[in-house]
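1. need coordinates for the following:
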Amino acid sequence: MSLEMQILPEREPAGRNVFQFSPLDSARFSREIQGHKWLVESVLVEGEPAVIGGPKKTLKTTCAIDMALSVASGTKFLNHFPVAKKVKVAVLSGESGTATLQETANRICKAKGINLADANVLWQNDLPCLSDPFDRQQLQQGLAQHQ
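-> The predicted structure is shown next:
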């Protein structure tokens, strides 16, 4: 029986770091202190993916808009959870329509005592098809362009 190794050509990173296998052994892993860097205390970790899910008509979009406006303005999420720092936010919604998003955002801003026009939020009322490489590239480029 013979084993062959195939040398794969180097690939260019598509806007991300290329994976390299560099594990920690258990002794080092156990010594290194890891902690969450909360963007919204006990709710949203900075730099980590998040999903808001639930049945129909359970205020998912309203919660997402409240979180976006909270993070963008540095105000408490749901008037309870502290925001660690203000950051620019992008909201992409594909279901409620622009008028509903605007009405919800204005209502939340009024309750928070902030002005929607001053919120550091980017709004878009259509979604990319995440299974389409072109749409993913457009999203990635747009987010990078708007920081």
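2. I'd like the next helix or strand past the helix or strand encompassing Val91.
-> Using DSSP states H and E, the element containing Val91 is strand 89-92. Sequence order places helix 98-112 as the next helix or strand after strand 89-92, per DSSP H and E.
3. circling back: describe which strands the strand holding Val91 pairs with in its sheet and in which direction.
-> strand 121-124 (parallel) (DSSP bridges).
4. which other residues reach the partner strand?
-> 68-69, 72, 88-93, 101, 105, 146 (CB atoms under 8 Å, 6 or more residues apart in numbering). All C-beta spots, glycine's among them, are computed from the backbone N, C-alpha and C.
5. quick one: mean pLDDT for it?
-> Across strand 121-124, pLDDT averages out at 96.
6. over to stretch 67-81?
-> Rounded mean pLDDT across stretch 67-81 is 97.
7. next, the buried residues of it.
-> 67-73, 75, 77 (16 or more other CB atoms under 10 Å).
8. got the phi/psi numbers for the residue positioned nearest the centre of the chain?
-> Central residue of the chain (CA atoms, centre = their mean): Pro49, 5.8 Å from the mean position. The phi and psi values for Pro49, taken as degrees, to the nearest 10, are phi -70, psi 150.
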